[in-house]
Every structure is written in C-alpha cells, then in structure tokens.
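Chemist: Sequence below, structure please.
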Amino acid sequence: MHLNIDGYEINYTMTGAGEQTLVILQGWGTELTVYDSVAACVSDRYRVVQFDFPGFGKSTEPAEPWSVEDYAQFFIKFMDALQIRRASLLGHSYGGRVIIRLAAKESLPFEIDRIVLVDSAGVLPEKTAKQKWSVRRYKFLKKIVSMKLAQAICPELIEEWRNSQGSADYRNATPIMRQCLVKAVNEDLTPLMPKIRQDTLLIWGDQDDATPLSDAKIMEERIPESGLAVIHGAGHYCFLEQPQVFRRIMQSYFQTEDTDRKQIEENQ
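Modeler: Numbers count the residues shown, from 1 in each chain. Coordinates of the predicted model:
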C-alpha cells in the first residue's frame, strides 16, 4: 500500500487484526519486509504497521538532507494520516533513534503505550586516538581532492577514493541519504533518554558490533522504566539471527502488557 505525505510516496503495510497497534520503525538502509518476522511475533493479537521511511525501501527520497528530528516530525504526520491515536512502538537501529526523539517530547498528538528498542542506535561512542587521527586524515585528504587542479588531473582516482570512504551504509547511500546518515551518527541522544516515560524493553544481540551491548547498558541506566533482554550469539540483526529466542521475548513482553491492561480495566 502507498500513502502520500507532503508529496512523498510512502510504502507501508498492515497485518494482524487486534484492537491494539504496534508500529515498527526500521533500521538504516532496510526495507519493511525485513521485519516481517518481527510483525509475526504479535500479529495474532495486534494490528502491526510496517513502513519505509522516506529514502528507505520503496518510499520517496527526501528532497534535502533530513535530521533524526525531521524523520520524527514525518512520523507524526504518518500516524495522523493513518489516524492512529495510540500505539506501541518498536525501533531497530536507526528506528530507535527516531523513537527516542519522539518519546522525549513533552507532548505528542498520539499516545505511546510501550517501547521496544532492538539493537538501537542513539549513543554517540567516544572516539579512540586512532579514530581521531583517521578523521583528521580524512578531512585533510578531502580538502585536496576538492581542489579543481586535482580533479582535472586524476578524476578517476578521486572518485575511487570517495567511494571507499565511510561505512557500507554510507557507501551504498545516495548523496542525499549520505548527508542524512552523517547528521544521525554525529548526534548523541543520551541526554534525551531520562525523559522517556514509557515502559521500555531493550532487546540486544551480545555480538552486535554496530551498536554494542555497552550502548544497551547505557540506555538501561538512563531510561527510567527499562529492562534489558540479551540474546546470546546474535549480532545487530538479532531478530533474524535468533528468531525463536526473539519471538519468545516479544510474546512474553506483549502478553504481560495485555495482562496489565486487563487488570487495569477490571479495577476501573
């Protein structure tokens, strides 16, 4: 299915038929189908919404470089377009960044029930001496290759150098999306984490080398109502690498939510 928001064609899908809603916010460079198994964990009793952010999957790319806050503002419009007034949110990697931004706001036009952060980004790592040297070296070389004389003498070598820089996500991205990624990875969201009021489950692979387990422990410490579930032997895509373990964690967590809600309703 497609939805037009501010001129952007947004690819999305809905599964399940429950009265409650779970919305999945994807990781960088993925498409919504990557999270089909995640949706299947709770689609027997939840309506699950999956979608592609602008510039991801089959959705239109932003006209200019967006920050994490820009994506958060887009998501607010997305929820309004689907008339979703209350939902739990699950974010993987980059999607976790957007959720942290949203949950830290004083008010939203919709209510967030619970949050699940899966191998989430948002903690800015402290650079090692080697990494600091690499940054300085990169900036120096960038100045050189930006000179018109260098571009005229060896354009092919310059292009090869540019394409070799950065992470795989950076190299595979378009020019606009590269700038979006740079904005994201240079932003530290840890100051926002104490403002998150919702019950939050952190699910992490202990072999994650993109957002290491140490990030999860920082989030667990800073987010007031949070708990950490570690999946051993899994990396950054723990839900794909250990699907059965991930499924049990999800079903246990959302079954607990259903039980809590029933108890509240019975006491009213």
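
Chemist: Please enumerate residues in contact with stretch 240-257?
Modeler: Stretch 240-257 is contacted from outside by 22, 34, 37-38, 40-42, 45-46, 88, 113-114, 116, 201, 203, 205, 229, 231-235, 238-239, using CB atoms under 8 Å, 6 or more residues apart in numbering. The C-beta positions use only the backbone N, C-alpha and C, and glycine is treated the same way.

Chemist: Name the residues of it that are buried.
Modeler: Neighbour-count burial for stretch 240-257 flags 241-243, 245-247, 249-250, 253-254, 257 (criterion: 16 or more other CB atoms under 10 Å).

Chemist: Take those and keep only those in helices.
Modeler: 241, 243, 245-247, 249-250, 253-254, 257 (DSSP state H).

Chemist: Output the below-cut-off pLDDT ranges for this protein.
Modeler: 127-167, 169, 256-268 (pLDDT under 70).

Chemist: Tell me which residue lies nearest the centroid of it.
Modeler: The chain has residue 95 as the residue nearest its centroid, 1.5 Å off, counting by CA atoms, centre = their mean.

Chemist: Output the contacting helices and strands for the one helix or strand that residue maps to.
Modeler: In this assignment (DSSP states H and E), residue 95 forms part of helix 94-103. Packing contacts for helix 94-103, counted by 3 or more CB pairs under 8 Å, 6 or more residues apart in numbering; DSSP states H and E, involve strand 20-25, helix 68-81, strand 86-92, strand 111-118.

Chemist: Can I get it as CSV, trimmed to CA atoms?
Modeler: Extracted in CSV, the C-alpha atoms of helix 94-103 (Å, rounded to 0.1, in the frame of the first residue of the first chain):
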residue,chain,number,x,y,z
TYR,A,94,18.0,3.9,13.2
GLY,A,95,14.4,3.5,14.0
GLY,A,96,15.3,3.5,17.7
ARG,A,97,16.8,7.0,17.2
VAL,A,98,13.5,8.3,16.0
ILE,A,99,11.6,6.7,18.8
ILE,A,100,13.9,8.2,21.4
ARG,A,101,13.3,11.6,19.8
LEU,A,102,9.6,11.1,19.9
ALA,A,103,9.3,9.7,23.4
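
Chemist: neighbouring contacts of that helix?
Modeler: Against helix 94-103 from outside (CB under 8 Å, 6+ apart): 24-28, 68-69, 71-72, 75-76, 89, 91, 108, 112, 115, 117-122, 184, 187, 189, 192-193, 195-198.

Chemist: For that helix, what is the distance to the chain centroid?
Modeler: Computed by CA atoms, centre = their mean, to the nearest Å, the chain-centroid distance of helix 94-103 equals 6 Å.

Chemist: and what of stretch 83-99?
Modeler: For stretch 83-99, the distance to the chain centre is 8 Å (CA atoms, centre = their mean).

Chemist: ok so, going back, and the angle from the helix holding residue 95 to strand 86-92?
Modeler: Between helix 94-103 and strand 86-92, the angle comes out at 140 degrees (axes from the mean of the first three to the mean of the last three CA atoms, to 10 degrees).

Chemist: Mind jotting down where the helices sit in this protein?
Modeler: 36-40, 68-81, 94-103, 129-145, 148-153, 155-164, 168-172, 175-185, 213-222, 238-241, 243-267.

Chemist: shouldn't residue 54 be in contact with residue 73?
Modeler: No: using CB atoms under 8 Å, residue 54 is not in contact with residue 73, being 11.3 Å away.
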